[in-house]
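Peer 1: Below is the sequence, then the predicted model.
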Amino acid sequence: MAKILLVEDDADITFAVVVGLERAGHQVCTVGTEADAKEQYRRELPALILLDYNLPDGSGDSVCRWVKAQGNTPIIFLTVRDEEADVVHGLELGADDYITKPFSLAILVSRVTAVLRRTIPEAGDSLHCGAITLDRAATRVTCDGVPVPLTAQEYRLLLVLMEHKNQTLTRTQLLEKLWDADGKFVSDNTLTATMRRLREKLGYPDGIQTLRGIGYRMED
């Protein structure tokens with residue numbers, strides 16, 4: 001069971017989402033404004049946030065930026081905005097997934113499960129590549145000893161690269177490893193945007209190499 005914060009001002013959508021998630025065993029707290037979302041987040045840290053783009057007193061953009069500045073709480077956007085540019089923008093803000101309305105409750109629950117699964121700490125020793133250290137038990141990444149806050153999506157991408165250090169991974173292989181439960185939703189833009197954010201946060205390390213037309217490779 002996970003504690004989920006739903007930020008949505010449509011009462012009908014709120015009711016349906018709460019019913020679907022509670023049937024899946026989750027605990028859901030609902031708010032309808034940006035101000036209430038921030039207040040609830042301060043009061044009790046959720047395991048995941050479901051976030052509407054359009055809010056009565058603000059925007060999902062603002063909430064997403066604010067949450068990601070606080071830590072690594074995963075966020076899934078729920079929105080009617082379905083243009084490719086909107087999806088890419090949401091992912092670049094740090095969102096871990098993006099679902100457009102109307103949506104199937106079964107798909108929503110599946111997406112929530114997939115994101116939560118990627119945020120569960122994995123046992124094992126730390127992984128190292130150059131100045132980068134990934135502590136799987138603590139779900140923590142440092143670069144030159146300095147903590148690097150990553151989204152669940154960015155963390156999982158780095159984990160896969162480091163687990164396969166000195167191996168070439170095609171884009172298809174990476175997408176299958178990262179988003180195998182949601183394969184039909186994923187496009188190359190998702191991987192490209194996530195890789196761009198990861199490189200930026202790590203200070204553009206030489207160890208992450210792009211093999212044009214093939215994929216990526218990580219090495220010391």
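Peer 2: Cool, the structure landed.
Peer 1: Only C-alpha atoms from now on, for both contacts and neighbour counts.
Peer 2: Noted.
Peer 1: Restricting to C-alpha, output the lowest-mean-pLDDT helix or strand in the chain in PDB.
Peer 2: Of all helical and strand segments in the chain, the minimum by mean pLDDT, DSSP states H and E falls on helix 171-179, at a mean of 78. C-alpha atoms of helix 171-179 as PDB (Å, rounded to 0.1, in the frame of the first residue of the first chain):
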ATOM      1  CA  ARG A 171      17.400   2.600 -27.200                       C
ATOM      2  CA  THR A 172      15.000  -0.300 -27.600                       C
ATOM      3  CA  GLN A 173      16.700  -2.200 -24.800                       C
ATOM      4  CA  LEU A 174      16.600   0.800 -22.500                       C
ATOM      5  CA  LEU A 175      12.900   1.500 -23.100                       C
ATOM      6  CA  GLU A 176      12.100  -2.100 -22.500                       C
ATOM      7  CA  LYS A 177      14.000  -2.100 -19.200                       C
ATOM      8  CA  LEU A 178      12.600   1.200 -18.000                       C
ATOM      9  CA  TRP A 179       9.000   1.200 -19.100                       C
END
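Peer 1: outside of that helix, which residues touch it?
Peer 2: Residues outside helix 171-179 that contact it (C-alpha atoms under 8 Å, 6 or more residues apart in numbering): 114, 153, 156-157, 160, 183, 186, 188, 191, 214-216.
Peer 1: repeat that for 6 Å
Peer 2: residue 215 (C-alpha atoms under 6 Å, 6 or more residues apart in numbering).
Peer 1: Setting the sequence-adjacent residues aside, check what's closest to residue 151.
Peer 2: residue 72 (5.2 Å; C-alpha to C-alpha, 6 or more residues apart in numbering).
Peer 1: One more: residue 22?
Peer 2: Nearest residue to residue 22 in three dimensions, chain neighbours excluded: residue 28, at 7.0 Å (C-alpha to C-alpha, 6+ apart).
Peer 1: OK, contacts around the residue sitting nearest the centre point of the chain?
Peer 2: Closest to where the C-alpha atoms of the chain average out (C-alpha atoms, centre = their mean) is residue 96, at 2.1 Å. By C-alpha under 6 Å, 6+ apart, residue 96 lies in contact with 74-76, 153.
Peer 1: at 8 Å instead, please
Peer 2: For residue 96, the contacting residues are 74-76, 115, 151-153, by C-alpha under 8 Å, 6+ apart.
Peer 1: for these, which one is nearest residue 54?
Peer 2: Within those, distances to residue 54 taken as C-alpha to C-alpha reach their minimum at residue 76, with 13.8 Å.
Peer 1: what helices or strands is the one helix or strand the closest one maps to leaning on?
Peer 2: Using DSSP states H and E, residue 76 maps to strand 75-79. On a contact count with 3 or more C-alpha pairs under 8 Å, 6 or more residues apart in numbering; DSSP states H and E, strand 75-79 meets strand 48-52, strand 97-100.
Peer 1: who's in contact with residue 190?
Peer 2: 88, 91.
Peer 1: so which of the helices and strands packed on strand 75-79 is the most packed in?
Peer 2: Highest mean neighbour count of the helices and strands packed on strand 75-79: strand 48-52, a mean of 25 (counted as mean count of other C-alpha atoms under 10 Å).
Peer 1: Lovely, talk soon.
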